[in-house]
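# give me a 3D structure for the following:
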Amino acid sequence: MKSLARALEEHLGSNAKTLLKHKELPSNSDNDALITPIATKLDSMASVLKLEPVFSKSVKLKNKLATISQHEITAIHVIYPASMECEDMNCKPFALAQETHPQDIPKITLIKGTTIHKKVHVLSGKCSHCDARYYADHEGVDQASGRRNKIYLNSAKYVKVGQNIWVDHSFSNPVVNGMYSFHASAAAYTDYWNSTFGQVNLEYSTKLNCRHIWQAFVQESVQSIAADQNVYLELNGNLPIDEVTREAFNALGQNGVIYAANGHACPECTQPYRPPENENPDDMNVDHADVVDGIVMGPTHCAFNNCESELLNARGGSFCPIHERAYGCYEQ
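I've put the predicted structure just below:
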């Protein structure tokens, strides 16, 4: 118990004295003098919580302490908008009201890094004056045409990657780093995460798919680039993820080049195209092509054997529409 008290005292530093009442403080100013009173207080707390081992009258151990479940003492997470009042210039401002009825509040799975939290409540706010909606990862604004636009927040702590799955930046940032550093595909990273973290605890297991990983990659990339340019990306609220990628590139790209990647052409990610040994380059209808991050830039066609159909997605895809449905990881 004294060892635990010493570790606690070292962790708290100068705040260790706040654990004791004024009359319990030792007269000696030495830090080691705090160890005994802190250990006594910890021992008393263990007795109240019934965390001490059980001994019989003959001082023989009868029962050992059970393993403490971290999930039983973990914090309760609630995802809510960062704003508490409407940020429209025409409002006075007005305080936000809860948009969802208590019985309809969604309960989702939140992944923080590698830790999975179940049944996390997600709250949303609504301004009663201008009817603007506020969420944890974006804001909804009605247009004069009746269309609702979606403003992506650069300061959002959590992003939605699936119908019932949210993640934080300690999850989405490694997704981006893994794809860039190891040239991993969404399918490869999905298999790695599911095998390593998704089934550690069967009670809290969560199996992700390629769409979740691709959503995390796009959301993290958009937020990072928009924050670097000090702008907020505003798009139609009903766009599929492929359209979000295209519109984000048009809005944040500068003459077709993302500013953060301008002038970058290292040997690892940019290599000249080399045809297979059994293929004669003179017979190919290709003038020039480069490979950037595993993606053929220039004349492109399906990667399936003996298929020369156009790619479904020339910005990262490898298959034509037919083979993408058969072998690719696509958005449903």
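
# and the protein, what are its domains?
Domain ranges of the chain: 2-63, 78-259, per automatic domain parsing.

# what pLDDT, on average, does the last one get?
Averaged across domain 78-259, pLDDT comes to 86.

# quick one: the strands in the stretch 151-300 of the chain, in order.
Counting by DSSP state E, counting those that start in this stretch, the stretch 151-300 of the chain forms strands over residues 158-160, 165-168, 234-236, 270-272, 290-292, 295-297, given from the N-terminal end onward.

# for the first one, which helices and strands make contact with it?
For strand 158-160, the elements it packs on are strand 165-168, helix 210-229, judged by 3 or more Cβ pairs under 8 Å, 6 or more residues apart in numbering; DSSP states H and E. Heads up, the C-betas are built off the backbone N, CA and C, glycines and all.

# over to the third one?
In terms of contacts (3+ Cβ pairs under 8 Å, 6+ apart), strand 234-236 is packed against strand 148-152, helix 241-252.

# before we move on, back to that, what's the closest of the domains of the chain to Asn313?
Taking Cβ to Cβ as the measure, the domains of the chain were each checked against Asn313, and domain 78-259 came out nearest at 6.9 Å.

# for the domains of the chain, which one ends up most surrounded?
The highest average neighbour count among the domains of the chain, using mean count of other Cβ atoms under 10 Å, belongs to domain 78-259 at a mean of 16.

# could I get the helices and strands packed on strand 234-236 as JSON lines with distance to Ala226?
As requested, the helices and strands packed on strand 234-236 are arranged in JSON lines below (distance: least, Cβ to Cβ, whole Å):
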{"stretch": "strand 148-152", "distance to Ala226": "7"}
{"stretch": "helix 241-252", "distance to Ala226": "6"}
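
# for Asp88, phi and psi?
The phi and psi values for Asp88, taken as degrees, to the nearest 10, are phi -70, psi 140.

# contacts for the longest strand seen in the chain, please.
If you go by DSSP state E, the chain has its longest strand at strand 115-122. The set of residues that contact strand 115-122 without belonging to it, under Cβ atoms under 8 Å, 6 or more residues apart in numbering, is 74, 77-80, 105-111, 136, 166, 197-198, 201, 204-206.

# need the helices and strands packed on strand 158-160 in a markdown table (columns: distance to Ala16).
Compiled in a markdown table, the helices and strands packed on strand 158-160 are given as follows (distance: least, Cβ to Cβ, whole Å):
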| stretch | distance to Ala16 |
| --- | --- |
| strand 165-168 | 31 |
| helix 210-229 | 39 |
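
# mind checking the ones you listed for the one nearest to His323?
Taking Cβ to Cβ as the measure, the helices and strands packed on strand 158-160 were each checked against His323, and helix 210-229 came out nearest at 15.6 Å.

# please compute how far stretch 39-52 lies from its chain's middle.
38 Å (Cα atoms, centre = their mean, to the nearest Å).

# pLDDT averaged over that stretch - what is it?
Model confidence over stretch 39-52, given as mean pLDDT, is 80.

# residues touching it, excluding its own?
Contact with stretch 39-52 is made by 1-2, 4-5, 8, 19-20, 65, as judged by Cβ under 8 Å, 6+ apart.

# please apply the same query to stretch 14-25.
8-9, 12, 31, 34, 37-38, 41.

# select from those every entry located in helices.
Using DSSP state H, the members of the contacts of stretch 14-25 that fall in helices are 8-9, 12, 37-38, 41.

# and these, which is closest to Met84?
The nearest one, if we look at those relative to Met84 and count by Cβ to Cβ, is Leu12, at 32.3 Å.

# coming back round to it: which among the helices and strands packed on strand 158-160 is found nearest to His183?
Within the helices and strands packed on strand 158-160, the stretch nearest His183 is helix 210-229; the backing value is 13.0 Å (Cβ to Cβ).

# from the chain's centroid, how far away is that closest one?
Going by Cα atoms, centre = their mean, where helix 210-229 is centred and where its chain is centred differ by 10 Å.
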